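# Build the 3D model from these lines:
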Amino acid sequence: MTSPTGEIYRIDWVPGTDILHGTCHCGAEHSAQDPIEMWEWMLGHPEGHFPDRSQGNSS
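Numbering: from 1, shown residues only. This is a model prediction of the structure:
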């Protein structure tokens, strides 16, 4: 068993759509339809993560 890291990853379903919206522990946000793509993005931190929401919110 691994110990907790204290990092919080959040994925929300956008009601009425097939879209998932994720927020990484660093504050970066990403949207995708594929749950695998979403988890790969989350766990790929920091690659593709831009905590400044004006730069990195990719839909």
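# longest helix of the chain?
The longest helix of the chain (DSSP state H) is helix 35-43.
# then that one to PDB, C-alphas only?
What follows is helix 35-43, C-alpha atoms only, in PDB (Å, rounded to 0.1, in the frame of the first residue of the first chain):
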ATOM      1  CA  PRO A  35     -12.000   9.400 -18.900                       C
ATOM      2  CA  ILE A  36      -8.700   7.700 -19.800                       C
ATOM      3  CA  GLU A  37      -7.500  10.900 -21.500                       C
ATOM      4  CA  MET A  38      -8.500  12.900 -18.400                       C
ATOM      5  CA  TRP A  39      -6.500  10.600 -16.000                       C
ATOM      6  CA  GLU A  40      -3.500  10.500 -18.300                       C
ATOM      7  CA  TRP A  41      -3.500  14.300 -18.300                       C
ATOM      8  CA  MET A  42      -4.000  14.400 -14.500                       C
ATOM      9  CA  LEU A  43      -1.200  11.900 -13.800                       C
END
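# How far off centre is it?
Chain-centre distance of helix 35-43: 7 Å, with C-alpha atoms, centre = their mean, to the nearest Å.
# Next: stretch 42-49.
A distance of 8 Å separates the centroid of the chain from that of stretch 42-49, by C-alpha atoms, centre = their mean.
# Thank you kindly, that will do.
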